[in-house]
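# With the sequence up front, the predicted model follows.
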Amino acid sequence: MADSPVPSFDRAASEAAVRALLRGLGQDPDAPELEDTPSRVAEFWAERLAGYGVDLGAELKPLPGDLSPVPVILERIPFVSTCEHHLAPFEGHATIGYLPGEGGTVGLSKLVRVVQAYAWRLQVQERMAQQIADALQTHLRPAAWGVDLVAVHTCMAHRGVKTPGVPVRTTLMGGIWRTDPPAPFRG
Ligand SMILES: Nc1nc2c(ncn2[C@@H]2O[C@H](COP(=O)(O)OP(=O)(O)OP(=O)(O)O)[C@@H](O)[C@H]2O)c(=O)[nH]1
Ligand SMILES: [Zn+2]
């Protein structure tokens, strides 16, 4: 639908599914206090999965001008993603960076957009890290790059093993940083 950033978002089907879920959970979706809940939940998920609609190729254009190829590292970018197994949030922070190569230097905000484009999907943490790394390599063709995600998974905290607050770390490094990572990736 045109008003959603999620390609192929079907609002009516999403709302009907929320009504069915409420019914399945023994709730009355026609109760006055739940009247707007199906549309709110459908909107929530459309926001939550907006990353599928992002065109990173259009975002990751080099900045004009004569910039020196110095390392660019953004530390602890907050992100919220969704575990594809339980549709439960996992959230944490991403440290990502690169040493500019053939693709030049991009604006700082574009690195945040890369993290968000993959966070706002159904994910597992390892895939999200790999997709960010692949995007950096494809669009920036850097001399070196690094991705470090640290997140807490509510599917471990709120259900199942019910163990809150366990930080899960996924680190991928490439190029000359693979053997000699800069300080923010050694933490
Ligand atoms: N490697 C990895 N595992 C994840 C991630 N998110 C969730 N999981 C795990 O995926 C697994 C799914 O396992 P299943 O046995 O199919 O599901 P389950 O019976 O609900 O598992 P429990 O959580 O142990 O109750 C669980 O162990 C989760 O902790 C992730 O980002 N990466
Ligand atoms: Zn999960």
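The structure has been received and is ready for your questions. Residues are numbered from 1 along each chain as shown. Ligands and ions are numbered 1, 2, ... in the order given.

# quick one: contacts of stretch 7-19?
Among residues not part of stretch 7-19, those counted as contacts by C-beta atoms under 8 Å, 6 or more residues apart in numbering are M1, S4, P29, T37, P38, S39, V41, A42, W45, A46, Y52, G53. For every residue, glycine as well, the C-beta is placed using N, CA and C.

# Quick check: the gap between the fifth one and Q27.
Using C-beta to C-beta, to the nearest Å, one gets 11 Å for the distance from P38 to Q27.

# hang on, the earlier thing: now restrict the contacts of stretch 7-19 to buried residues only.
Among those, those classed as buried by 16 or more other C-beta atoms under 10 Å are S4, P29, T37, P38, V41, A42, W45, A46.

# Rebuild the contacts of stretch 7-19 as JSON lines, extending it with secondary structure and distance to ligand 2.
What follows is the contacts of stretch 7-19, written out as JSON lines (DSSP: H, G, I helix; E, B strand; the rest coil; distance: C-beta to the ion, whole Å):
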{"residue": "M1", "secondary structure": "coil", "distance to ligand 2": "28"}
{"residue": "S4", "secondary structure": "coil", "distance to ligand 2": "25"}
{"residue": "P29", "secondary structure": "coil", "distance to ligand 2": "26"}
{"residue": "T37", "secondary structure": "helix", "distance to ligand 2": "23"}
{"residue": "P38", "secondary structure": "helix", "distance to ligand 2": "24"}
{"residue": "S39", "secondary structure": "helix", "distance to ligand 2": "26"}
{"residue": "V41", "secondary structure": "helix", "distance to ligand 2": "19"}
{"residue": "A42", "secondary structure": "helix", "distance to ligand 2": "21"}
{"residue": "W45", "secondary structure": "helix", "distance to ligand 2": "16"}
{"residue": "A46", "secondary structure": "helix", "distance to ligand 2": "21"}
{"residue": "Y52", "secondary structure": "helix", "distance to ligand 2": "19"}
{"residue": "G53", "secondary structure": "helix", "distance to ligand 2": "23"}
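
# All set now, cheers.
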